[in-house]
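1. How does the following fold in three dimensions:
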Amino acid sequence: MSPKNGTKETTILVLAFLVTVGLVGAVFVWILNNPNIQKLSSEPEQSQGETFAQLANIPSGLFRYGGSTTWAPIRKEVDSKITTVWPKFELKYTDPITGVPGSSTGIKMVLKNQLAFSQSSRSLKVEEYQEAKQRGFSLKEIPVALDGIAIAVNPNLDIPGLTIAQLKDIYTGQVTNWSQLGGSNLPIIPYSRRPEEGGTVEFFYENILGEEKFAGNIKFIPTTTEALRKVAKNTGGIYYASAPEVVGQCGVKPLPLGRKSDQLVPPYQKPLIPPTQCPQKRNQLNPEVFISGEYPITRRLFVIVKQNGQTDQQAGEAYANLLLTNQGQELISKAGFVRIR
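-> Residues are numbered from 1 along each chain as shown. Model prediction:
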């Protein structure tokens, strides 16, 4: 290459560089002086609106759903408010044809195309994912709230609380008298729903019992309402359920729980309100201990959505998105659960 040609190429490269710098600088100055561009780049994205009315893609039609009994207070607070804003988005809670309502039965009904979506107090299981795949679609769980498992005992039972290990020992039959736990010489009467009847029982069985069998002395009761009545009448009774179903009840006492005996955490706001002051005053849930993880038995509540690209999927996702708005989360809190966002 001759020196003359080299000089010419160098000149061209320098000019190209200067032109590029000039263009970049001009674009930069234009961005700085354009307020619309600044606003767009600095504004955070919001995944959900503040109110039900701000959401889009809410389908029209009648959509049947079912599942967890734990969700009953949420349904009571939320569903009528949704249909007021979106009257064409009709929601109907549907019981199973056979058996009792619960997370598992709701998921089974979704798998069999009997429901558009379902509510669950536990995560999906591997076999449920697999069955959905065999049926030509998939399932998705969308968390919308936090919950805890509370332990109900008779108000006359004098015991400060239980550790998770002691709770397990009660339900696996290792401990059968309250005197073994520092209480009175009184037989323990443990109540439970059957394992196949609800997500709360399945959660308890897997996470507290470590899938060990329930003891032979367990009294199986079909509903939480009936079980709480039994505990209220029997000083030695004990039962576990979703915290909002236990904490505010007048006839039972919610027990503090802990991972260790010196770490007992009540699920309610102190001080404990005695039955003599109820219902004028009621114990209130303490959401802070659920959010922080101080309370040892917490879980998430899910909307189970069918991923099939049809209106069922649109309905399930719309319902979950409505619950995740600020309005939905406030209603969840009003129902006694803990907001997830």
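2. which element follows the one helix or strand in the chain whose mean pLDDT sits lowest toward the C-terminus?
-> Counting by mean pLDDT, DSSP states H and E, the chain has its least confident helix or strand at helix 35-42, which shows a mean of 30. Using DSSP states H and E, the helix or strand that follows helix 35-42 towards the C-terminus is strand 61-67.
3. contact partners of the helix or strand following that next one?
-> For strand 61-67, the following helix or strand on the C-terminal side (DSSP H and E) is helix 72-85. Residues outside helix 72-85 that contact it (CB atoms under 8 Å, 6 or more residues apart in numbering): 51-53, 89-91, 93, 119, 145, 244-245, 301, 319, 322-323, 327-328, 331-332, 334-337. To be clear about C-beta, it is placed using only N, CA and C from the backbone, and glycine gets the same treatment.
4. relative to strand 61-67, how tilted is helix 72-85?
-> Here helix 72-85 runs at an angle of 170 degrees relative to strand 61-67 (axes from the mean of the first three to the mean of the last three CA atoms, to 10 degrees).
5. and after helix 72-85, which helix or strand comes next?
-> The C-terminal neighbour of helix 72-85 among helices and strands, as given by DSSP H and E, is strand 89-93.
6. List the neighbouring strands of that next one plus their orientation.
-> Applying DSSP bridges, strand 89-93 is found paired with strand 61-67 (parallel).
7. what's in contact with the partner strand?
-> Residues contacting strand 61-67 (CB under 8 Å, 6+ apart): 88-96, 101-103, 105-107, 109, 114-120, 199, 304, 311-312, 315-316, 319.
8. ok, of the residues you listed, which come out buried?
-> 89, 91, 93-94, 96, 101-103, 105-107, 109, 114-120, 199, 304, 312, 315-316, 319 (16 or more other CB atoms under 10 Å).
9. mind listing which of those are in strands?
-> Members of those lying in strands (criterion: DSSP state E): Phe89, Leu91, Tyr93, Phe117, Ser118, Gln119, Ser120, Ile304.
10. Widest-spaced pair of these?
-> Pairwise distances across these (CB to CB) peak at 20.7 Å, for the pair Phe89 and Ser120.
11. how would you label the residue most central in space within the chain: helix, strand or coil?
-> When CA atoms, centre = their mean is applied to the chain, the residue found nearest the centroid is Leu301 (2.0 Å). Assigned with DSSP: H, G, I helix; E, B strand; the rest coil, Leu301 falls in the strand class.
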